[in-house]
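A.B. asks: no sequence for this one, just the structure:
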């Protein structure tokens, strides 16, 4: 059973990642093909629709620290309750693109509940200054 690299939701994902100068961070990531919920609020949706919406969404926030070539996210709040109070390590790589440098974050090899080992990687592109302030 070999390791494999996996892109969240088959690469059909979008998200936002913020690091502040005072050591805070938050990350939100969602599948781009989540079905609409036919209610005004998530809490009004039937339980299976709420579960499907949550299954395609990850959000967490807290502080962060740098350890060599890794960033460590110290999770304080999270959609996944098990992450609260834990630290999530991500390896940092900088990828040269036509638009500048993208940030690539890679998880350590992780065992799944099904007994497989996988590595997740995400490539983040900086929002241009003029779009960030709009």
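C.D. replies: Perfect, I can see it now. Treat the numbers as computed from the prediction; the structure is a model and nothing was measured.

A.B. asks: Helices of the protein, start to end?
C.D. replies: Under the criterion DSSP state H, helices of the chain are mapped to 47-55, 129-132.

A.B. asks: Let me know which of those helices is tucked in deepest.
C.D. replies: Counting by mean count of other C-beta atoms under 10 Å, helix 47-55 has the highest mean neighbour count of these, with a mean of 13. Any C-beta I mention is one placed from the backbone N, CA and C, and that applies to glycine too.

A.B. asks: ok, how many other residues are close to the residue nearest to residue 9 when sequence neighbours are not counted?
C.D. replies: Spatially, and ignoring its direct neighbours in sequence, residue 9 is nearest to residue 31 (3.9 Å; C-beta to C-beta, 6 or more residues apart in numbering). Neighbour count for residue 31, taken as other C-beta atoms under 10 Å: 19.

A.B. asks: Not counting its neighbours along the chain, what's nearest the residue positioned nearest the centre of the chain?
C.D. replies: Most central in the chain under C-alpha atoms, centre = their mean is residue 29, positioned 4.7 Å from the mean C-alpha point. Using C-beta to C-beta, 6+ apart and skipping the chain neighbours, the partner closest in space to residue 29 is residue 15 (3.5 Å).

A.B. asks: how close does that neighbour get to residue 122?
C.D. replies: 7 Å (C-beta to C-beta, to the nearest Å).

A.B. asks: hey, what's in contact with both of those two?
C.D. replies: Taking C-beta atoms under 8 Å, 6 or more residues apart in numbering as the criterion, residue 15 and residue 122 both touch residue 29.

A.B. asks: before we move on, the earlier item: which residues does the residue nearest to residue 29 contact?
C.D. replies: By C-beta under 8 Å, 6+ apart, residue 15 lies in contact with 27, 28, 29, 30, 122, 124.

A.B. asks: what ranges of the protein fall below the confidence cut-off?
C.D. replies: Residue ranges of the chain with pLDDT under 70: 1-8, 132-134.

A.B. asks: What are the boundaries of the strands in it?
C.D. replies: Secondary structure of the chain (DSSP state E): strands at 4-6, 13-19, 24-31, 57-67, 70-78, 87-97, 100-106, 110-111, 117-124.
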